[in-house]
Structures are given as structure tokens and as C-alpha cells.
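Chemist: Sequence first, then the predicted structure:
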Amino acid sequence: MNTQRRCRVVRSTRIYRGKQGLDYGEAISKESVGSEGICMHLLTIPPEVRAKAHLHENHETAIYVIQGKSAMWYGENLMQHMEIDAGDFVYIPAGTPHLPYNPSDSESCTVIIARTDPNEQESVVLLPELDDIWNRNELD
């Protein structure tokens, strides 16, 4: 039997720093189990922490909020905003700029993220020009 084609259990013990500036719990990916079309991770965003503005080229993202609250600026020039609570699902279309963050000053936010890119970080494109816009808006 081809080892890439067998069912696997992943006990998330490895944490890695993503390009987005957050720490992810490794779970299902090409790197961990040889997946071909999906990647899934556990992410805990500490209070008052944000990701770097980014997008995922050619890959959709689905998120489920396990606990806490999150928020996200998204779309062209990060002009749109949403707040997300525990129990909510979020869909991010492929190629959509976004900048998630934890607005709480005391509670972490834990989410499960699934993406149609089997690689952990290959499709992440950082958008530093949008970080600059967000930083300016934060000061206003």
C-alpha cells in the first residue's frame, strides 16, 4: 500500500511561525501527511495580536471559530470589516486580501483553518502595502 494513500492521525505537537506572523499548530498538509488538495491547521491568536496583511493565491479558505472572538479587515485596500464569534464559520475566496486580528484585551481566539492548498505556506502572499494602510487607519 502506498504510504501517501493511507489514513493518518496527526497529533498536533509541532508549532510553526507562518509568514503571516502567527503561530500555527501543524495538522493536515502535504508536509505532514502527503495531502494533495487540502490543508488544515489549528490557530490561537493571543489577545490584541494581528496577522500581517496577506492573501492566498488561487486557494479558498474556510475557518471555524472554536473559542473567543476575532475580527478581520478584508477586500480591496482592506476596506471591509467583519467580527467573528465562537461557533461562526468564515469563508474567504481565493485571492482575497485579509488581515485577521484578535480585538480582545484578555481572551485568546482559537480557530480551525482549512484551505484548498495542501501546502502549509506556499500560497501565502504578504501585502506589506496593506499593512501600511492598516497601521495608518489604526492611528486615526
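Modeler: Structure's in. What do you need? Residues are numbered from 1 along each chain as shown.

Chemist: any idea how far stretch 19-34 is from the chain center?
Modeler: Centroid displacement of stretch 19-34 relative to its chain, using Cα atoms, centre = their mean, to the nearest Å, is 10 Å.

Chemist: any idea of the mean pLDDT in it?
Modeler: Averaged over stretch 19-34, pLDDT sits at 87.

Chemist: from here on, count from 660
Modeler: Taking 660 as the first residue, the last one we looked at is stretch 678-693.

Chemist: Can you name the residues bridging to the most centrally placed residue in the chain?
Modeler: By Cα atoms, centre = their mean, the chain has its centre lying nearest to Ile772, at 5.9 Å. On the basis of DSSP bridges, Ile772 is bridged to His700, Ile722.

Chemist: surely it meets Ile725?
Modeler: No - with contacts defined as Cβ atoms under 8 Å, Ile772 does not count as touching Ile725, sitting 10.9 Å away. (Each C-beta comes from the backbone N, C-alpha and C, glycine too.)

Chemist: re the thing from before, which residues does the residue nearest to the centre of the chain contact?
Modeler: Tyr683, Met699, His700, Leu701, Leu702, Thr720, Ala721, Ile722 (Cβ atoms under 8 Å, 6 or more residues apart in numbering).

Chemist: Out of those, which end up buried?
Modeler: Tyr683, Met699, His700, Leu702, Thr720, Ile722 (16 or more other Cβ atoms under 10 Å).

Chemist: Distance to Pro756 added to the residues you listed, as TSV?
Modeler: Formatted as TSV, these follow (distance: Cβ to Cβ, whole Å):
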residue	distance to Pro756
Tyr683	19
Met699	22
His700	20
Leu702	18
Thr720	12
Ile722	16
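
Chemist: Okay then, goodbye and thanks.
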